[in-house]
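K.L.:
Give me the fold of what follows.
(chains A, B and C)
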Amino acid sequence: MSKNSEYILDVSDLTVALPSDGDRDNAIENINLSVAAGEIVCVVGESGSGKSVTASAVMGLLPSSLRPISGQTLLEGEDTLNCSKRRLRDLRGTRMAMIFQEPMTALNPVTKVGEQISEMLEIHTQLGAKERRIRVLDIMRLVHLPDPEKMIDAYPHQLSGGQRQRIMIAIALVLDPVLLIADEPTTALDVTTQAQILKLIKELQERQGTGVLFITHDFGVVAEIADRVVVMQTGRIVEQGTRDEILFNPQHEYTKMLMRAVPSMTPPVREINQTQSLLKVSKLEKVYGKPGLFGRGRVVRAVTGLDLQLHAGETLGIVGESGSGKSTVARCIARLTDPTSGSVSLKDVEIANLVERDLRPFRNKIQIVFQDPYRSLNPRRTISQSMVEAPINFGTPYYEAQEKAKQLMELVGLSADALERYPHQFSGGQRQRICIARALMVDPKILIADEAVSALDVSVQAQVLELLDDIRKRFELAMLFITHDLRVAAQICDKLIVMQKGKVVESGVTSEIYSRPKHDYTKLLLDAAPGRNVQFGTAE
Amino acid sequence: MLFYILKRLLATVPVLLVVGVFIFLLLRLTPGDPAAMIAGDYATENQIAAIKENLGLDKPLIHQFFIWISNIANGDLGESYFFKKQVTELIIARIEPTLSLSVVTIIFTILIAIPMGVISAYKQGSWIDRVVMGFSVIGFSIPVFVIGFGLIYVFSLNLGWFPVQGYQRLEMGVFQWIRHLILPALALSVIFVAFIARMTRTSVLEVLGEDYVRTARAKGQTETKVLVNHALRNAAVPIITVIGFAFAILIGGVVVTESVFNIPGLGLLTVDAVLNRDFPTIQAVVLLFSFVYVLINLIIDICYTFLDPRIRY
Amino acid sequence: MSQNAQSPFQSTIFRLFKNPSVLIGGTLVFLVIALAIFAPLLGTIDPNQTSTSTRLKAPGYEGVMKIYTDEGRVKVPITYKMGSDTLGRDVYSRVIYGSRISLVVGISVAAIAISIGMLIGLIAGYFRFLDSVIMRVMDGLMAIPAILLAIAVVSVFNAGIMSVIIAIVVPEVPRVVRLVRSIVLSIREEPYVEAAVTAGTRVPSLLIRHVLPNTIAPLIVQGTFIVASAIIVEAILSFLGLGIPADEIPTWGNIMGAARENFQLHPHQILYPGLILAVTVLSVNMLGDGLRDTLDPRFSKRL
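P.N.:
Residues are numbered from 1 along each chain as shown, chains lettered A, B, ... in the order given. Presented below is the predicted three-dimensional model:
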């Protein structure tokens, strides 16, 4: 009659210490959570919240630098934290299983996928080779892999990301464990693939009655599949409850803040003024590779026949999945890559094919903010040095550039004394602000944001989006916003272009596209967005 | 897959070409007139001129290069200035000792170095690891001939277990053959083992940190099988790559070791040739060794196709 | 906001001095350098001074050297701390003075190889159209085992320090080129370099400001290993009789080379120089290992 017997997983008072040079004492502290049979519990939090550590602790897969110092993790009443290594090995796969974030690296590249599934059976059962093969084919069919008879002999690199993740799920579920731990399993996948995998997990979980502990940072995913939600911040649980409670009636300040920060899928109504056209792109093409000897070369058509126009004071978004060509478009416009053909005219000046020397005077007109804030600033130069590089190239005297740098730092919400510091002293969000300030140093007319908020936590993301919007209005910039995240696109883009495999499939005003999508692919994308119909936070 | 092999084969051509051109040019740059050297100190102008014409040394450089290449293709490596014999003959006579020494060293090295590296990586940070790493640094630091003499001092002069120098042909009896090879092979293998053990350790460490090793553990696999089936199967490619590179060290070491132990192989031939400015021989031997080195690395490249399916498909 | 207000450079220097390999290796290297510089003050005599009456004496022998000067025959008392060689020269003095050549050769080779290699590597990494040609040539040079290449080069010139240095530099350059090139190729892709491109920075400034600083640390590590390798190769060349002749200047290699014939009865001539050679190279390698662990583990692989 103890509480434990109702729960598949019962974690109580779990504390895991960090090594002495970490930024806090404990990776996670006093964690209490539970998962019942047949329920999906989402553990959600920003980076550094400790959610992955919690998951690894249950499986006993913590790296040796992280030591559990108290608490217990009861799997069907048995404490996995304090049991023998032998027992832990027996439990793994049979009673509890885990799937990870990166399907490519999680599979052994030199072994056939069928063998990797079969390995699970070899370790824990006495089945013979023929029987194992039957079981493997069965589970492959169960996870909806096409043509299992052939695929069983394939190698991981021959499969797509979604297929690899299905293999991982097959490995995890082949022995029908009572608990599935999923650590950000869809974060590295495209939105349409993610939708399929989420559906699969839900389907299998319902069929076998598995309890699922699902780690994620994406509230859309939480909205889509969670039964209950656990919110973590810097190693502690801040709030937990049912899905509806957390999403629509959060109690804790942090949760409320998070809910507010998640962009809505409904684009706000925007005024579209007719302003001057700053950039006109037509028939842009980018082709990589050459047909090799014997016709074995691989030719990739990254962008085909693309037209777009940027107007002052307007944000044009390009959305698409990986391989759609959206980043390539941005790079061609910024002339970081040279287009194969087509025209890019900046206020009637053709810049697509200018040589570097002739292009240079125009470089200041188009500036770009990149995706990875940790690699966008030279770690050996002070912020000030990075900021003044561009204006000095264009002839601005040093003192003037310094003054401007101070002003812009304050504009983006940082103090002027940040200029003398080094990048490693700033957080990801702060670095992105610095990059925005740097881009503004040369008074560009066009600002390209290439997945500029994709690497940021949701709370920071909201702030940076606000900043970008603000800047666009203030300086009447044309902004080209590249993203794969439909929520972000909804929030910030006036107009939108949807790309698939290098071609534009639909374009127009954002609110129109979201409410009345015309192309099948657009419809697919919008449907796939997790938590599509959910309005976060208190009903506003 | 055949296509891949063909590609790798073709890739060796420019490399060999560069080697050939380099060696050819290098020895044409030598001060001194080869014709005069062959003719000897008392030769007349006419004799020297005749020799020059005979050897084609009066033709333009490019022309000489092509003659040289076609000769090599036909197996004619020229005539040694010093020994007054066909270089090809000299080489053939000296191959067996060098080959014996190399093969014994390689087998010994691989049997010792790879397990050392693997264990060291697996038990990273433990005393075993430290000892192996320490040994490896020491192994790099002491030149082959110092080790050679050290071994001779202890085992030949003091203990009398092994002969001080010399070589016994295989056909004269296996026991003596091995007896003469043990000390040289040991001396030669020290640096080889140090290098390979360290590189093996690095490769295995890298692989042990990969995600699929974590997956294997998450499956409940035993540590031994994780190491062997998952880690080592993936570390195999970098490890054999390293062995391929290490052959360069081996070849260099062979030259010195033969000198120390007075083994009449290709290495000693090289040294004698340089001391006597015997350019045809120097050219031929360096070319031969380079060719062998390139060949070995080509074979290793081809081995990849069996070890790494990403290359096959 | 500010954790650790030091510049990346300062924090590296601090880490450096805490590393045991750097400390031990560095101290030993320092001692050897001191040995070389202060050679005349360390109880040595002229290393080339022969004395046919006191040939091949054992270490510790106290005797009298008969030296022929302008005034005639002079008798000089001497204690051969490490014995004497076939011409009566004091092995101890030769070994101490030998450190000079080894260090000079080692450091020169490293400095020259790094400079040339860095230049070529930068060009190969940044200018695509030159890259294939340069790398083919480098591959070709690397196909010839290093010692053989050094032997081949040294056979072209007359024996002497310069030819030995050139001979050892040639096989080391391709490895440096490869290292620099790989760094350049990866840094080129970094967003902060692309940001500099959009800022209108010209290629020379790009290379010097953004790319080059990333090569310094790996090159320092590589340079240290080259010093060690060069010392060994010089010793091997001199030992084989292909390097610096024993009559001009003593080097550890040629001391051992000259001592070969008498090894059985007089092993001290080989063992003493061999020992100090090993210790020197060992300490340089230790220093290199320590530098690599602190400075830049990512790029500094020995190959």
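K.L.:
Need the nearest residue in space to the closest residue to chain A within the stretch 51-200 of chain C, chain neighbours excluded.
P.N.:
Taking CB to the nearest CB, chain A has its nearest neighbour within the stretch 51-200 of chain C at residue C:199, 3.4 Å off. Yep, even glycine has a C-beta here, placed from its N, CA and C like the rest. Distances taken as CB to CB, 6 or more residues apart in numbering or on different chains put residue A:390 closest to residue C:199, at 3.4 Å, once the chain neighbours are dropped.
K.L.:
How is the one you found assigned, secondary-structure-wise?
P.N.:
Of the three states, residue A:390 takes helix according to DSSP: H, G, I helix; E, B strand; the rest coil.
K.L.:
wait, isn't residue A:374 in contact with residue A:430?
P.N.:
No: here residue A:374 lies out of contact with residue A:430, judged by CB atoms under 8 Å, at a distance of 11.4 Å.
K.L.:
what residues are up against the residue nearest in space to the middle of chain A?
P.N.:
Closest to where the C-alpha atoms of chain A average out (CA atoms, centre = their mean) is residue A:187, at 5.3 Å. By CB atoms under 8 Å, 6 or more residues apart in numbering or on different chains, the contact list for residue A:187 reads A:101, A:216-218.
K.L.:
Looking at the stretch 51-200 of chain A, what residue ends up closest to chain C?
P.N.:
Closest contact between the stretch 51-200 of chain A and chain C, by CB to the nearest CB, is at residue A:65 (17.2 Å).
K.L.:
ugh, wrong one, chain B
P.N.:
Nearest to chain C, among the residues of chain B, is residue B:18, at 2.5 Å (CB to the nearest CB).
K.L.:
give me the element the residue nearest to that residue when sequence neighbours are not counted is part of.
P.N.:
Excluding its sequence neighbours, the residue lying closest to residue B:18 (CB to CB, 6+ apart) is residue C:140, at 2.5 Å. Element membership for residue C:140 (DSSP states H and E) is helix C:128-143.
K.L.:
Other residues contacting that helix?
P.N.:
B:14-19, B:21-22, B:248, B:290, B:293-294, C:120, C:123-125, C:149, C:170-171, C:173-175, C:177-178, C:181.
K.L.:
Narrow those residues to those in helices?
P.N.:
B:14-19, B:21-22, B:248, B:290, B:293-294, C:120, C:123-125, C:149, C:170-171, C:173-175, C:177-178, C:181 (DSSP state H).
K.L.:
near chain C, anything from the strand or helix carrying residue B:183?
P.N.:
Using DSSP H and E, residue B:183 sits within helix B:174-208. Yes: residues of helix B:174-208 contacting chain C under CB under 8 Å from any CB of the partner chain: B:198-199, B:202.
K.L.:
Taking the stretch 151-300 of chain A, what residue is nearest to chain B?
P.N.:
residue A:155 (4.5 Å).
K.L.:
The nearest residue to that residue once chain neighbours are set aside: neighbouring residues, count only.
P.N.:
Distances taken as CB to CB, 6+ apart put residue B:309 closest to residue A:155, at 4.5 Å, once the chain neighbours are dropped. Applying other CB atoms under 10 Å in any protein chain shown, we find 17 residues neighbouring residue B:309.
K.L.:
cool, residue C:90 as well?
P.N.:
Neighbourhood size, residue C:90 [other CB under 10 Å]: 29.
K.L.:
surely it meets residue C:76?
P.N.:
No: Residue C:90 is beyond contact range of residue C:76, at 10.7 Å (criterion: CB under 8 Å).
K.L.:
By mean pLDDT, point me to the weakest helix or strand of chain B.
P.N.:
Lowest on mean pLDDT, DSSP states H and E among the helices and strands of chain B sits helix B:34-39, with a mean of 63.
K.L.:
Tell me the helix or strand right after it.
P.N.:
Going down the chain from helix B:34-39, the next helix or strand is helix B:45-55, by DSSP H and E.
K.L.:
what packs against that next one?
P.N.:
helix B:34-39 (3 or more CB pairs under 8 Å, 6 or more residues apart in numbering or on different chains; DSSP states H and E).
K.L.:
Run through the residues that contact the residue of the stretch 51-200 of chain A found nearest chain B.
P.N.:
Residue nearest to chain B within the stretch 51-200 of chain A (CB to the nearest CB): residue A:92, separated by 3.5 Å. The neighbourhood of residue A:92, defined by CB under 8 Å, 6+ apart, consists of A:59-60, B:217-220.
K.L.:
Kindly present the residues you listed as a markdown table, with separate columns for distance to residue C:231, secondary structure and neighbour count.
P.N.:
Supplementary listing: the contacts of residue A:92 in a markdown table, determined by distance: CB to CB, whole Å; DSSP: H, G, I helix; E, B strand; the rest coil; neighbours: other CB atoms under 10 Å in any protein chain shown:
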| residue | distance to residue C:231 | secondary structure | neighbour count |
| --- | --- | --- | --- |
| A:59 | 51 | helix | 23 |
| A:60 | 50 | coil | 22 |
| B:217 | 45 | helix | 20 |
| B:218 | 49 | helix | 25 |
| B:219 | 50 | coil | 25 |
| B:220 | 52 | coil | 24 |
